[in-house]
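Asker: everything below, folded, please.
(one chain, ligands or ions: 1)
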Amino acid sequence: MLIDGHGRVVNYLRVSVTERCNFRCQYCMPEKPFSWTPNENLLSFNELFLFIKVAIDEGVNKIRITGGEPLLREDLDKFISMIHNYKSDIDLAITTNGYLLDTMAKRLKDAGLKRLNISLDSLKPKVAQKIAQKDVLERVLKGIDRALEVGLGVKINMVPLKGINDNEIIDIMEYSKSRGIKVRYIEYMENSHAIESLQGMHGKEILAKIKEKYRIYALGREGASPSFNYKTEDGYEFGLIDPHKHDFCESCNRIRLTAEGFLIPCLYFDEALSIAKSVKDGDIKGASEVLREVLKNKPKENRWTISNSNSQEDISTRAFYETGG
Ligand code: SAM
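Answerer: Here you go, the predicted structure:
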């Protein structure tokens, strides 16, 4: 069992397989970074898998593949099947923008994938285009339908932004409800890579919009999930992820691995240790030692605070496209 320096059990590993993305979302990667990590610095799937085996052997039972856009990485389905074949009861999921799902959903399902979280910030083609800085909506919606068709579990992620998509909170809920899937609203997390003028919505503002149409009931957190669940009067369940509140940090069960091999204990902070050398040398003991060192120093909580100042102190320098959000 993996236990961190604050006594929390860590059983959840998020693996970013690429920092590259085919969208340029205003809140994440509005401009292509000055330079990408050179391909030769990326860990191969075999190298990532070596670490994943160590993590699974030590207690990880939930793995999410993310990015950047994970579906851009070639042979992702083979990587999924490597993990699935090693331990088939791992809760194996992907977070994706859905753009390439129409063609890939079946292969991913056949490889052993169980679930997908798909980002959907708008149902209006022009607004989706404004956020992603690309005409994306039609393909994303097709991707969602295809994923459901092949039997993958699907959840929707929406990041509500003031003056951009804040009037679509109910629409996205109705869309999700009509497909029998759950939506999770994510508070915009300030970071130094996003467009500066963006204004996110606080959790209570998101809930207020929903209350304009529905009476809602709080259900509570689902285990160690950062999502706080609610139910509408007609029985539809949705989630709210509000990192500014910190209250889920006390049950945080996750660590993150980047495509370059940095093991990150908290999404907010820059601190990380590399497992690259260990896995390149096939050194299982070394990889395990790095893992334990990272756990020992996992911060107690993130430092997103509610502020309208956008002052540098409130802003994480971590790029979500490196860590996988
Ligand atoms: N490309 C994939 C996608 O779009 O889902 C996976 C990577 S993306 C970094 C993972 C999640 O992080 C997405 O749901 C995205 O909406 C969320 N995200 C990215 N930047 C964010 C920010 N600044 N605040 C809140 N959520 C963010």
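
Asker: contacting residues for residue 143?
Answerer: Contacts for residue 143 were tallied using C-beta atoms under 8 Å, 6 or more residues apart in numbering; they are 96, 98, 99, 100, 101, 102, 105, 118. Every residue, glycine included, has its C-beta placed from N, CA and C.

Asker: the last one pairs with what?
Answerer: Same thing as residue 118. Residues in a beta bridge with residue 118, per DSSP bridges, are residue 96, residue 156.

Asker: give me the neighbour count for it.
Answerer: A total of 22 residues lie near residue 118 under the criterion other C-beta atoms under 10 Å.

Asker: ok, now the fourth one?
Answerer: Neighbour count of residue 100, defined by other C-beta under 10 Å: 18.

Asker: grab the nearest non-local neighbour of it.
Answerer: Nearest residue to residue 100 in three dimensions, chain neighbours excluded: residue 71, at 4.2 Å (C-beta to C-beta, 6 or more residues apart in numbering).

Asker: wait, what's in contact with that neighbour?
Answerer: So residue 71 contacts 94, 96, 99, 100, 101, 104 (C-beta under 8 Å, 6+ apart).

Asker: ok, and which of these reach the ligand?
Answerer: Among those, the residues lying close to the ligand (C-beta under 6 Å from any ligand atom) are residue 96.

Asker: return the member of the contacts of residue 71 nearest to residue 125.
Answerer: residue 99 (13.7 Å; C-beta to C-beta).

Asker: just checking, that closest one touches residue 140?
Answerer: Yes - the criterion here is C-beta atoms under 8 Å, and residue 99 meets it with residue 140 at 5.9 Å.

Asker: before we move on, back to that, which among the contacts of residue 71 gets closest to residue 67?
Answerer: Checking the contacts of residue 71 against residue 67 with C-beta to C-beta, the nearest one is residue 96 at 8.1 Å.

Asker: and residue 92, what does it touch?
Answerer: Residue 92 touches 63, 65, 80, 83, 84, 112, 113, 114, 115, counting by C-beta under 8 Å, 6+ apart.
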